[in-house]
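> Fold the following.
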Amino acid sequence: MTLSIPQPADTRNLVITRVLDTPRHAIWRAWSDPEWLKVWWSPKPGTTEVIALDLQPGGAFHTRIQGTGDDRSEHIWCFLEVIPHARIVFTSMLTAGWRPAIPELAFTTLISLSDYALGSCYTVQVIHQDEASREQHEKSGFFEGWNTVISQLEEVACTLR
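Numbering: from 1, shown residues only. Sure thing, here's the model as predicted:
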């Protein structure tokens, strides 16, 4: 279920807020275990290889995604903030150990979890340097892709209750 929440005034951000029918601890487990993360992280029929998932500030977050056909991508991020069961922040502008990166698309992602009725409120906020970067990210399929993987996350997390 998607909540109708006013979007932030900052037009450089992309935001999705969903209510998931599963508790935060199950979502956290699906996020924090590489074996579960690889099941839901890329839209199916794509597959994910989790190369590094060091869930701590300065820790590596590195995935390799195989989409359909020749669609392959590698993503290297650095975790900035990790609050178990509540918040995950990572950026493409740094790699593990706080090393600077020069990504093709620079952004920082904030994942927030809170209790909501019998489930959880799950918010993804992706912040960009400027509106052009935000627009590029949106046109690349941000909303479709993230909504798909959030649904896949919910499906996995429901099995981990």
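
> Please count neighbours and contacts with C-alpha atoms only from this point.
Will do.

> Does Cys121 touch Ser114 like I think?
Yes. If you go by C-alpha atoms under 8 Å, Cys121 and Ser114 touch, sitting 5.2 Å apart.

> Which elements pack onto the lengthiest helix in the chain?
The longest helix of the chain (DSSP state H) is helix 142-158. Secondary-structure packing of helix 142-158 (3 or more C-alpha pairs under 8 Å, 6 or more residues apart in numbering; DSSP states H and E): strand 13-20, helix 24-32, helix 34-40.

> Render the CA-only coordinates of it in PDB, please.
The C-alpha coordinates for helix 142-158 follow below in PDB (Å, rounded to 0.1, in the frame of the first residue of the first chain):
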ATOM      1  CA  PHE A 142      13.400   5.200 -10.200                       C
ATOM      2  CA  PHE A 143       9.700   4.900  -9.100                       C
ATOM      3  CA  GLU A 144       9.000   1.800 -11.000                       C
ATOM      4  CA  GLY A 145      12.200   0.100  -9.900                       C
ATOM      5  CA  TRP A 146      12.000   1.100  -6.300                       C
ATOM      6  CA  ASN A 147       8.300   0.200  -5.900                       C
ATOM      7  CA  THR A 148       9.000  -3.200  -7.500                       C
ATOM      8  CA  VAL A 149      11.900  -4.000  -5.100                       C
ATOM      9  CA  ILE A 150       9.900  -2.600  -2.100                       C
ATOM     10  CA  SER A 151       7.100  -5.100  -3.000                       C
ATOM     11  CA  GLN A 152       9.700  -7.900  -3.300                       C
ATOM     12  CA  LEU A 153      11.200  -6.800   0.100                       C
ATOM     13  CA  GLU A 154       7.800  -7.000   1.700                       C
ATOM     14  CA  GLU A 155       7.300 -10.500   0.200                       C
ATOM     15  CA  VAL A 156      10.600 -11.700   1.600                       C
ATOM     16  CA  ALA A 157      10.100 -10.000   5.000                       C
ATOM     17  CA  CYS A 158       6.700 -11.600   5.400                       C
END
